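# Compute the structure for the input listed below.
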Amino acid sequence: MSPSSLVLVIIVGIIVMLVLWVAFLYNALVRGRNHCDEAWSGIDTELKRRYDLIPNLVNTVKGYAAHERETLEEVTRARNAAVASQGSPASQARDENVLVDSLKRLLAVVESYPELKASEHFLKLQQELVNTEDRIQRARRFYNGNVREYNNRVQVVPSALIARLFGFKEREFFEIETAVERQAPAVKI
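Numbering: from 1, shown residues only. Sure thing, here's the model as predicted:
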């Protein structure tokens, strides 16, 4: 093999290795982006589950506490705004946190109505809401973990170079409060 053909083989080998390296990093970024999209759909599913529960909860409370009209309307407005929210995770989180605050106020109102708190239907709805909140928080943690991994790939060298070259952008985390939390049972000794 002549020296010029050896140089040509080395150059071609370097180009092939460079192309494979770029393809590997590009594919890792695409996989990360797809994991984020998949995780977001899990959050969306759980939020819709909460949206479906809220009208039942409002109607149940309305039957016992009709004069709490302002609080009930506030929850309904907040729910409708959250359902309509289609922006970034940060803008959706703002709408979700307004909904969470209104739900907390509604549940605080319920404390004044012992017969409502004892209602089997209300207790089932409340338990379902607690379960849904747990599921939302699990989905949120899963999504944020995927976003963290993806953002690391977008930010660190050398994959950051490929990310910029192909237009991969960082993702936003989804931070929301929980409307209700699971209560630990009281232990009496």
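# mind listing the helices for the protein?
With DSSP state H as the criterion, the chain has helices at 3-64, 69-84, 89-110, 114-117, 120-155, 159-166.
# Show me what the shortest one is packed against.
Contacts of helix 114-117 with other secondary structure elements, assessed using 3 or more C-beta pairs under 8 Å, 6 or more residues apart in numbering; DSSP states H and E, are made with helix 3-64. Using the backbone N, CA and C atoms, a C-beta is placed for each residue, glycine as well.
# relative to helix 89-110, how tilted is the helix it packs on?
Here helix 3-64 runs at an angle of 20 degrees relative to helix 89-110 (axes from the mean of the first three to the mean of the last three C-alpha atoms, to 10 degrees).
# count of residues packed around K48?
12 (other C-beta atoms under 10 Å).
# oh, and call the first residue 418 from now on, that's how I've got it
Understood, numbering begins at 418; the last thing we discussed is K465.
# ok, so what distance separates it from E490?
Separation of K465 from E490 (C-beta to C-beta, to the nearest Å) stands at 22 Å.
# With I432 instead?
In terms of C-beta to C-beta, I432 sits 66 Å off from E490.
# how about A501, what does it touch?
With contact set as C-beta atoms under 8 Å, 6 or more residues apart in numbering, A501 has no partners.
# Return the member of the helices of the chain having the minimum mean pLDDT.
Per-segment mean pLDDT for the helices of the chain reaches its minimum on helix 531-534, at a mean of 86.
# what's that one in contact with?
Under the contact criterion C-beta under 8 Å, 6+ apart, helix 531-534 has outside partners 477-478, 481-482, 527-528, 539-540.
# Weed out the non-buried ones from those.
For the contacts of helix 531-534, a neighbour count by 16 or more other C-beta atoms under 10 Å gives the buried set as 477-478, 481-482, 527, 539.
# Mind putting these into JSON lines with distance to I553?
Output for the buried ones among the contacts of helix 531-534, formatted as JSON lines (distance: C-beta to C-beta, whole Å):
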{"residue": "T477", "distance to I553": "21"}
{"residue": "V478", "distance to I553": "21"}
{"residue": "Y481", "distance to I553": "26"}
{"residue": "A482", "distance to I553": "26"}
{"residue": "V527", "distance to I553": "20"}
{"residue": "F539", "distance to I553": "20"}
